[in-house]
Structures are given as C-alpha cells and as structure tokens.
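> One predicted model, sequence on top.
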Amino acid sequence: MNSLIKLELTRALRNRRSMFFSVLYPSLLFLLIAGNASSTEKLGDTGLTLPTYMMVSMASFGALTAVLMGNSERIAKEREGGWVRQLRLTPLPGRGYVFAKTAGAAAVSLPSIVIVFLVAATVKGVRLDAWQWLALTGAIWAGSLVFAALGVAIGYLATGDAVRPITMIVYFGLSMLGGLWMPTTTFPEWLQEIAKWVPTHAYAALGQAVEQSRAPHAGDVALLAVYFALFAGGAAWLYRKDTRKA
C-alpha cells in the first residue's frame, strides 16, 4: 500500500492542469469576490469581515476542487485503461485503495489552502494569531478528506463518459449549497435548513469557528465524520464490486 501511496502522490503533484485549477483558481476567485470589499466592516452576525470570511470559503473551495475533481475523473479513466485489473493481482484491500487515493488528493489540497491564505494576508491584510493559521490549515486540510473519499466513490460509480458531468453537478451543488461562494444567510429560510445538512456547510464552519476563536461545533464535526464514513465505505465497496466484475 505504501508504494501505491507514493505513486498517487507523485502523479497528483505532476498534473499541471489539476494543480492550476485547484491551487490558483480559488485565489483568483477570492480576489474577484473580496478584492474591493472593506477590510473592517463586519459581515452580519459572524463578527468576520468579508475578506476573512471568504478566505476560509475559498480555501475550502480550493481543497474541494483538488480532491473531488481530480480523483473522480482519474479513477474512471484508470478503470477503462485496465489499472484495476492490475491491482487485482495484488493483495491490496479496498480500504487500502481508498486510503491511497485519498492521500494522493490531499497532497494537492494543501498547496491550494496555503496559497489562498497568502493572498488574503498580503493583498487584503487578513491578520490572525499564529495558532489560528495553523489550526485553519489543519482543519481545512483534514476536512478535505471527506470529499476525497467522495471523489473515489464517484470514480467507481460512473463510467468514463458520464463521470465529468456527474462530478460537475456534485461539485457545483456542494459549493453553492454549502455557502462556499456566498453566505448561507442570504438564502431563503427553507434553503438554509437544507444547507445545514450539506457537508460543505459543516466543512466551512470548521474554519469559521477557528477565525472566531472558538471550538468547532460538535454537530459539524459529527456530520463530517458520518459523511466520511459513508463516502469511504461506499468507495471501498464499489472498488471490491468493480474488482469482482472485472
């Protein structure tokens, strides 16, 4: 399994197109949304300025892009190319495959988080305590594993032709409903109630809690843990099922 993890890490870091969209794209969106925003005016009852709020949202969005978009399409292509048949000759268990794919995706999500932070700090003057920067990085990076597992599941659920539109629908749906592009407080009340159960909403809430100098809400952590178990378990089951069919 260690060899597969190293291979996945190398392949992920060498994919220039994926690196561009996951590392630079979120930073550009941050500048587009928060570039002209006030650095002192508070956003509603959050106690955060728009640049500070959007910094976490775009860092989360970048990590989501890295782990979801790249994983699903690459896995679907690997299935069609016969890579799964090669793995069948090894004693690699389903959970080992999911872990390796998740780790490879996480290697790309970390730079996307850090770049957004650097842009927010240098261009918009976002200032936090040292512990907050470290806690933000750790929380957003760890939370991205939930969506890395989802990417693996989609890669095994969809065919090579269908994987991109399915991934895009899930990707944009999670981004919008989770409040990564705009605060969910701007949604109608009925949509706000739905958003509370979307994993990206809980994901962004982790970073916002750190910015507000408080511990993450236990409900958000529990919701992400449940989603991770569902996505990782589903991905492992789909891997074993696909292997038996091959």
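Alright, I've got the coordinates.
> State the distance from R214 to P188.
27 Å (CB to CB, to the nearest Å). (C-beta placed from N, C-alpha, C; glycine too.)
> Over to G160?
38 Å.
> Compare neighbour counts for those two and give me the winner.
Of the pair G160 and P188, G160 is the one with more neighbours under other CB atoms under 10 Å, namely 15 against 8.
> How about the secondary structure of that one?
coil (DSSP: H, G, I helix; E, B strand; the rest coil).
> just checking, it touches E78?
No: in this structure, G160 is not within contact of E78 by CB atoms under 8 Å, at 9.6 Å.
> just the helices in the chain please.
2-14, 16-19, 25-34, 50-64, 70-81, 83-87, 94-123, 130-157, 163-177, 189-195, 199-211, 218-245 (DSSP state H).
> ranking those by mean pLDDT, which is last?
Mean pLDDT per stretch puts helix 2-14 lowest among the helices of the chain, at a mean of 56.
> What count of nearby residues applies to A229?
12.
> Let the chain start at 161 from now.
Shifting the count to begin at 161 puts that one at A389.
> What's the separation between the residue nearest the centre of the chain and F347?
Central residue check for the chain by CA atoms, centre = their mean: the C-alpha nearest the mean position is that of L224, 2.3 Å away. Using CB to CB, L224 is found at 19 Å from F347.
> Number of residues surrounding I275?
The tally of other residues near I275 (other CB under 10 Å) stands at 19.
> just W293 next, same as before
What W293 shows, counting by other CB under 10 Å, is a neighbour count of 16.
> Contact partners for the spatially closest residue to it that is not a sequence neighbour?
Distance criterion CB to CB, 6 or more residues apart in numbering; nearest residue to W293, sequence neighbours excluded, is F277 at 6.8 Å. Shown in contact with F277 (CB atoms under 8 Å, 6 or more residues apart in numbering): 215, 219, 286, 293, 296-297.
> Same check on V323?
232-233, 236, 314-315.
> what's the spacing between it and L224?
Taken as CB to CB, the span from V323 to L224 is 17 Å.
> that older thread, need the helices of the chain in a markdown table (columns: distance to K202).
Listed next are the helices of the chain as a markdown table, based on distance: least, CB to CB, whole Å:
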| stretch | distance to K202 |
| --- | --- |
| helix 162-174 | 38 |
| helix 176-179 | 35 |
| helix 185-194 | 14 |
| helix 210-224 | 9 |
| helix 230-241 | 36 |
| helix 243-247 | 50 |
| helix 254-283 | 16 |
| helix 290-317 | 17 |
| helix 323-337 | 24 |
| helix 349-355 | 20 |
| helix 359-371 | 12 |
| helix 378-405 | 22 |
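> Most tightly packed of those helices?
Counting by mean count of other CB atoms under 10 Å, helix 210-224 has the highest mean neighbour count of those, with a mean of 28.
> residues in contact with S199?
Residues near S199 by CB under 8 Å, 6+ apart: 209, 211, 284-286.
> can you give me phi and psi for it?
In terms of degrees, to the nearest 10, the main-chain angles of S199 are phi -90, psi 10.
> Distance of it relative to V283?
10 Å.
> M328 now?
Following CB to CB, the distance that separates M328 from V283 is 29 Å.
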